[in-house]
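# Build me a model from this:
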Amino acid sequence: GLIVCHLPFGPTAYFTLCNVVMRLDIPDLGTMSEAHPHLVFHNFTSRLGQRVSNIMKYLFPVPKDDSRRVITFANQEDYISFRHHVYKKTDHRNIELSEVGPRFEMKLYMINLGTLENEGTAEVEWRWHPYTNTAKKRKYLTNE
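Below is the predicted model of the structure:
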């Protein structure tokens, strides 16, 4: 799992990880830039989706314009795909992406309003209930 806790007041988001591929397990590994990354958020259209994208966005500092690093958070059926790339321009129209890893899928299962210190007393903002009977499968992070 992955726990993202914003200090000093929260929120704290809890994710389950699956399909994890570590950086060194990726073939043809590109070199990793240490510049701050540009962030791409795809398909976070609901109110909860915007909340999750804000939680993830504030983990990273603002990048400079000449940064060649890109981190993508793509939501598909409430599984968030994390991808990390470095790009270079091949000519004035085309770019070439090279993955620098790691890559994994995350599924949100809870957001608390407090931090890890007051986990027992913090108010739960949202919790995934997998066994709730609904007429159709509901997607929480997108309005589609």
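# In contact with His38, which residues?
Pro63, Ser67, Arg69, Val70, Ile71 (Cβ atoms under 8 Å, 6 or more residues apart in numbering). Yep, even glycine has a C-beta here, placed from its N, CA and C like the rest.
# Pairing partners for it in the sheet, please.
Following DSSP bridges, His38 is listed with bridge partners Val70.
# Per-residue pLDDT of it, please?
Looking at His38, its pLDDT stands at 95.
# From Leu141, how far out is it?
Here His38 is placed at a distance of 21 Å from Leu141 (Cβ to Cβ, to the nearest Å).
# With Thr45 instead?
8 Å.
# follow-up on the earlier one: take the contacts of His38 and write them to a markdown table, including pLDDT.
As requested, those are exported to a markdown table (pLDDT from 0 to 100):
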| residue | pLDDT |
| --- | --- |
| Pro63 | 94 |
| Ser67 | 92 |
| Arg69 | 93 |
| Val70 | 94 |
| Ile71 | 95 |
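# And those residues, which two are furthest apart?
Maximum pairwise distance among the contacts of His38 (Cβ to Cβ): 10.7 Å, between Ser67 and Ile71.
# anything in contact with each of the two?
What both Ser67 and Ile71 touch, as defined by Cβ under 8 Å, 6+ apart, is the set Pro37, His38.
# okay, these two: which has more neighbours?
Taking neighbours as other Cβ atoms under 10 Å, Ser67 and Ile71 compare with Ile71 leading, 19 against 16.
# So that one sits against Phe41, correct?
No. Using Cβ atoms under 8 Å, Ile71 is not in contact with Phe41; the gap is 9.7 Å.
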